[in-house]
Each structure stands twice: as C-alpha cells, then as structure tokens.
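Novice: Just need the structure, nothing else, for what follows:
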Amino acid sequence: MESPQLQGWLAIATKKVPGSIEILKKAIEFYKVAAEAGDPASQFNLGTCFYRGRGVDIDYSEAAKWYEKAAVNGIILAQAAIGYFYFAGLGVEPDEQQAFQWTSLAAEQGDLEAIRNLAVLYEQGFGVDKNLPKAAELYRDAAEMGDAASQNNLGSYYFNGLVFEQDHETAYEWYKKAAEQGLPIAQCNLASSYFHGLGTEVDFPKAVDLYHRSAAGGYLPAIKTLIKMYEAGFGVEKDAEEAAYWKKREQELE
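Specialist: Model prediction:
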C-alpha cells in the first residue's frame, strides 16, 4: 500500500545512506505541503507514512484523514485503505456503510485487497446483506489473482461444503497454493490435509514440516497441534523437550 515514489524514499532510508532519515523527513515535509494543497498522490503517501510509521509516529487518525482525502480524489489504493479503516475502526469509528461503499468502489476498479475485503464484508454481512455465494465468487476472483488469504478461504469453503459441494481435493489444491506463499493458516490447513489424508495421500513428514512452518509463523492452532503430537508421539516420536518448547511459545502468544 505504498506508491513507487514513497517506496523510493523508503529504499534510500532503509539502505542507511548518510542523511537518509533526514531525506525521508524532508520528503514527508514535501508530502504535507502538497497534500494540503490537494495533491491526491501526496495525500495517499502521507496517509501511508502515518499508517506505517514511516518518518513519523504511527497515527491512525491522521492516516485515515489523508487516506479519505485521497480516496475522494480518486486514488484506488486509498479507497481500499479507508474502506478497511472503517471496517476495522482504525482511526475512525467503525462504519458499515462507509466500509462497504469504499471497498466496493476499489474492488470494482480491480484492487486485489479490496476484492478480498469485499468478500469478507459479504461473508460477515457487514454493511450489506450476508451473501456467501457472492463472498465465494469474490474469493475466487482474488484467489485467481494470486491472493493467498483468498486462496485459503476458498479452500475452506470447499473443505467445509460452504456454497460448493464438499470437495477435499479442491480444498487441498487451494490450501497448497496459499501455503506455498507462506501463509501460516494455509500451512496449517494443508498440514491437516496431509495428516488425515483429506484430498491427498497421508504424509506425516510433510504434515509435520508444515505444522512447524505454520507454528514458526505464530499460528496458535498449529502450535497446539504440535504440542499434542509431541506429547502423544502421534506422527512424530515423543519428545518432552519439543513439547515444552511449543508450550512456552503458546504462552507467549496467548
């Protein structure tokens, strides 16, 4: 959610070029002047600086203010961003209608994140009547565009028989696509497919590896599964030290 121009400034700063932080701060000053003068790209870039804490302290209220100005001025990424802010209540009060309006507008223009977020709105009935078939359609659109979260969610629709007839093989294929992109929840779901032989053949080594990858990403269900596996010796050799390690990680995350 950063423009090429802002990415350029950030690249200079993160390379620790002498004076790079000062360069970034100077860029933000320019953004403020241009944003206040009504430049949409600068409004979006300034919003991103406040959202990410780039050269300024994180300030969701300021981020929301500038994202909305940029959204009104037609910046698609800003429309997607402010839609999410209204959904999550970041820097603004949650507003179902505003969330749906802005997210729909960005999704109609092909923004990938907005398409996925719009699916969530239809799935939850947030700002619109709950409509799982519409959510599934949008998840498929985003999944085919390569969005890992949508690939995982579409897999879960097939796995659980939501909208579609239950199909573990198709679920497995979508979980695999998402897991290959490093999404912890998808790695856990794919591990479960291998562990139980759902949609694919049973493969304990692959399952264990994926549970570890998911757990390393901080996904609690994978951590809890590993604890049980190492305590019981199911799919792995019993290992009290390994179980204790993951119990400690569980406590740190809960």
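Novice: Give me the phi and psi for Ile223.
Specialist: Dihedral pair for Ile223: phi -60, psi -50, per degrees, to the nearest 10.
Novice: residues in contact with it?
Specialist: Contacts here follow CB atoms under 8 Å, 6 or more residues apart in numbering; on that basis Ile223 touches Ala215, Trp246, Arg249, Glu250, Leu253. In short, each C-beta sits where N, CA and C put it, glycine included.
Novice: ok, now Lys206?
Specialist: Taking CB under 8 Å, 6+ apart, we find Lys206 in contact with Ala191, Tyr194.
Novice: Remind me which helix or strand it belongs to.
Specialist: Applying DSSP states H and E as the criterion places Lys206 in helix 204-216.
Novice: Distance from the chain centre to that helix, please.
Specialist: How far helix 204-216 lies from its chain's middle: 21 Å, per CA atoms, centre = their mean, to the nearest Å.
Novice: So which bits of it are buried?
Specialist: Going by neighbour count (16 or more other CB atoms under 10 Å), the buried part of helix 204-216 is Lys206, Ala207, Val208, Leu210, Tyr211, His212, Arg213, Ser214, Ala215.
Novice: Could you do stretch 184-203 as well?
Specialist: Using 16+ other CB under 10 Å as the burial criterion, the residues of stretch 184-203 that qualify are 184-195, 198-200.
Novice: In three-state terms, label Lys69 for me.
Specialist: Following DSSP: H, G, I helix; E, B strand; the rest coil, we place Lys69 in the helix state.
Novice: Can you get me a residue count around it?
Specialist: By the measure other CB atoms under 10 Å, the count of residues near Lys69 is 22.
Novice: And Ala80, by the same measure?
Specialist: So Ala80, with other CB under 10 Å, has 27 neighbours.
Novice: unless I'm mixing things up, it is touching Gln109, no?
Specialist: No - applying CB atoms under 8 Å as the test, Ala80 and Gln109 come out as separate, 9.1 Å apart.
Novice: just the buried members of the contacts of Ile223?
Specialist: Judged by 16+ other CB under 10 Å, buried ones among those: Ala215, Trp246, Arg249.
Novice: could I get those residues as TSV with distance to Tyr172 and pLDDT?
Specialist: Output for these, formatted as TSV (distance: CB to CB, whole Å; pLDDT from 0 to 100):
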residue	distance to Tyr172	pLDDT
Ala215	20	98
Trp246	25	98
Arg249	27	97
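Novice: Turn the residues you listed into a markdown table, including distance to Asp57.
Specialist: As requested, the buried ones among the contacts of Ile223 are exported to a markdown table (distance: CB to CB, whole Å):
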| residue | distance to Asp57 |
| --- | --- |
| Ala215 | 33 |
| Trp246 | 35 |
| Arg249 | 30 |
